[in-house]
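Trainee: coords please:
(2 chains)
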Amino acid sequence: MWWRGAFLGPVVAIGLAQPAAAVMAYVSNEKSNTVSVIDTDKWQVVKTIKVGQRPRGIAFTKDEKYVLVAVGDDDTIQMIDTKTQEVVDTLPSGPDPELFVEDPGGELIYVANENDNTVTVIDIEKRTQLGAVQVGVEPEGMEVSPDGKILINTSETTNMAHFIDLASRKIVANVLVDSRPRFAAFKPDGSELWVSAEIGGTVSVIDPVRHAVMKRINFAIPALRAEAIQPVGINITGDGKKAFVALGPANRVAVIDVATHEVVKYLLVGQRVWHMAFTPDEKYLLTTNGVSNDVSIIDVAALKVIKTIQVGELPWGVTIARH
Amino acid sequence: MIRTLFVAAAFCVLMWEAASAQTTEIKIGYLRQGGARTAISLIDIPAPDDGVAGARLAIDDNNTSGYFLNLHFSVEEARLKEKDDPAAAIGAMAEHGVKLVLADLPADTLLKAADAGRARGLLIFNVGSIDDRLREKDCRANVVHTAPTRSMLADGLAQYLVWKQWRKWLLVAGSHDADKMFADALRRAAKRFGATIVQEKVFEDTGGARRTDSGLTQIQSQIPLFLQSAPEHDVVVAADESQVFAAYLPYRTWLPRPVAGSAGMMPTSWDSSHDQWGANQLQNRFVAMFHRRMTARDMQAWMAARMISEAASHGATDAKATLDFLKGPGSALAAFKGQKLTLRDWNQQLRQPILLSDGRVTVSVSPQPGFLHQFSELDTLGLDRPETKCQLDATKG
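Mentor: Presented below is the predicted three-dimensional model:
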């Protein structure tokens, strides 16, 4: 067994130099101007980071060196170093950034600027703006197609999903959806684009080739008034089979069978659920519950809420990675 | 030969592009009546473009959206003098191709405009008058109301006062017709939601000036004396749409009591402090364009012009199709009030939450929790379907 020892040595050495990477969830707290860091092994808040005013959109960079958080009232995006868990720099996001998305190469981010009807393109490394695309009134939802060619932006008052060709940075199609579209997500194989409409109370399933709505998903919860059903965040599993839609003040997450577009279950979470994120193994889905100041943990296989974690005031966005 | 073909082909391409880019023009009329409205507080005196500014912003928003749909919107404005015939103004607008008119007019003038508009197939949006009768016995099939009614405003206020357990009201009403109508709405609301009016007082408008060189010295002693002998009450509720006295009540009551209604905490469709549910985006756009804050009347006009755009983006560009869309199941209007707004099909009144503002912040938004309704909780505000006297008849108007 000489070879075993020979291999074991270096492995142990690496293990000592760098402790086993934990999966961390970063939650933006819109009211308390903080980001809560949750260790998903312990399901505990291990750190609270002070950030700028009104943090909402939040995401790991592709290289996982930073967590970017849009602090709308400070008109910037802050960069949290994931090693030190401190704000170390800012990106010139343009006014009132809310949601943003990174390009698949990890070099650029695209930011929705709600106040001036634009999407701003930013070079992360150089911390500079490269350009802007004029879109509809109150841009919000941002998504890049899995092939990296098309950027989707939803505009809340124009009620459209704008398809922007990333090579030319020109709008190539506009698809009308229901009132106040807030979030867009592609099916992992790129065959469908899902757009939630907060006031319309629906999710539009769009054919990204024909640029047409192929299905509208409706929600109905017994004993709950229709006005309370306000879809926002959408997360689809990597195998493209199950989708989760956060229903805002309905305090529920709808589970949808992607093949049939039928709702199979409603999961009761905290109050006013906004956004969600999977753990990297997709065993768990975390939801931010704006009014109850907590995060619900959903067991994805069992479709059950297994735990609730208190975070800061009015949690809004969440991003998860192993680092 | 080849060259000719090439030119012909190029011409075809040009023609095709011209056809595909053909823009539909939608002209919106804005009809209002002149005459200054005055107020006790300088802050409450309306700007000259009060209301119409909301329509102009909505036109701007509509055109940003319309650019993607080959729709273009414009507004034609007309201002009536006291004696002017609204029918003539409506006729002129119709001549210019206007099919949809936003009207900020007193009730009787609005009815004349609506009836003139019916003959010409126009749809009128009432963005100014809160008179319940326009949605009740005087309702018209070609009028949509974005302004809330007095009864909706009174109910929104009453629900909060009852939720707060301030159930004993001292009601002080002005002597003008509008004040009396608001007092009626408040009495109805008190009865409906379980409040008691312990006493009513009338503040006679003797026609004095609101601003005098001798200033506030007399008011400071007059108002407490006026309220001195009232029975025990939780809150003073004022009905003073004419703005003759209500603004003098806070801090001058005989007993230390909060004031609500036409001063203190006021029910409204919009307030310049409202920033929830994405509202500050709209507030920012408004301030950037007009260098002043957005009022309820601005919002009511913005809403109406936005409704026209919503209908147009779903293919409805004439009066009938617009109304059909707005009354149909596909209509869910976003208005920065936390839920979708729809039209009451029985009288074409826009269902909407009522904001309660103290002039600096939005205190609360009604309907309040616990006031339930079998169809929509927004229908706990104002006269409901079973109570309505409205009979919409398209042939009679």
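
Trainee: Local confidence estimate at the residue nearest the centre of chain B?
Mentor: Central residue of chain B (Cα atoms, centre = their mean): residue B:147, 2.5 Å from the mean position. Per-residue pLDDT puts residue B:147 at 98.

Trainee: Assign a three-state SS to it, would you?
Mentor: Secondary structure state of residue B:147, per DSSP: H, G, I helix; E, B strand; the rest coil, is coil.

Trainee: Run through the helices of chain B in chain order.
Mentor: When assigned using DSSP state H, the helices of chain B occupy the ranges B:2-20, B:52-66, B:86-95, B:107-119, B:150-163, B:177-193, B:217-226, B:279-290, B:296-313, B:319-327.

Trainee: Out of the ones you listed, the one nearest chain A is which?
Mentor: Across those, chain A has its closest neighbour in helix B:52-66 (3.7 Å, Cβ to the nearest Cβ). For the C-beta atoms, the positions are set from N, CA and C on the backbone; glycine is no exception.

Trainee: Tell me which residues touch the closest residue in space to the residue nearest to the centre of chain B that isn't next to it in sequence, please.
Mentor: Counting by Cβ to Cβ, 6 or more residues apart in numbering or on different chains, residue B:300 is the residue found nearest to residue B:147 once chain neighbours are left out, at 4.8 Å. By Cβ atoms under 8 Å, 6 or more residues apart in numbering or on different chains, the residues touching residue B:300 are B:51, B:54, B:127-128, B:146-147, B:269-270.

Trainee: Relative to chain A, which of the residues you listed is nearest.
Mentor: residue B:54 (13.9 Å).

Trainee: For residue B:293, see how far away the closest one is.
Mentor: Here residue B:54 is placed at a distance of 12 Å from residue B:293 (Cβ to Cβ, to the nearest Å).

Trainee: okay, these two: which has more neighbours?
Mentor: Here residue B:54 and residue B:293 are compared on neighbour count by other Cβ atoms under 10 Å in any protein chain shown; more neighbours surround residue B:54, at 32 against 14.

Trainee: just checking, the more buried one touches residue B:306?
Mentor: No. Taking contacts as Cβ atoms under 8 Å, residue B:54 lies outside contact range of residue B:306: 9.5 Å.

Trainee: Give me every residue in chain A that's in contact range of chain B.
Mentor: A:96, A:114-115, A:117, A:136-138, A:155-160, A:162, A:171, A:174, A:176, A:178-180, A:198-201, A:225-228, A:230, A:249 (Cβ under 8 Å from any Cβ of the partner chain).

Trainee: Tell me how many other residues crowd residue A:152.
Mentor: The burial count for residue A:152: 24, using other Cβ under 10 Å.

Trainee: Mean confidence (pLDDT) on stretch B:259-276, please.
Mentor: Average pLDDT, stretch B:259-276: 97.

Trainee: Please apply the same query to stretch B:30-45.
Mentor: 87.

Trainee: What residues of it count as buried?
Mentor: Residues of stretch B:30-45 classed as buried by neighbour count (16 or more other Cβ atoms under 10 Å in any protein chain shown): B:30-33, B:40.

Trainee: do the same with stretch B:366-375
Mentor: Here stretch B:366-375 shows B:366-368, B:371 as buried, counting by 16+ other Cβ under 10 Å.

Trainee: so how far is stretch B:300-310 off the chain centroid?
Mentor: Centroid displacement of stretch B:300-310 relative to its chain, using Cα atoms, centre = their mean, to the nearest Å, is 11 Å.

Trainee: oh sorry, the question was meant for stretch B:171-184
Mentor: Worked out by Cα atoms, centre = their mean, stretch B:171-184 lies 19 Å from the chain centre.

Trainee: Now for the nearest residue to residue B:303 once chain neighbours are set aside, how many residues are close by?
Mentor: Distances taken as Cβ to Cβ, 6+ apart put residue B:146 closest to residue B:303, at 4.5 Å, once the chain neighbours are dropped. Number of residues near residue B:146 (other Cβ under 10 Å) recorded here: 27.
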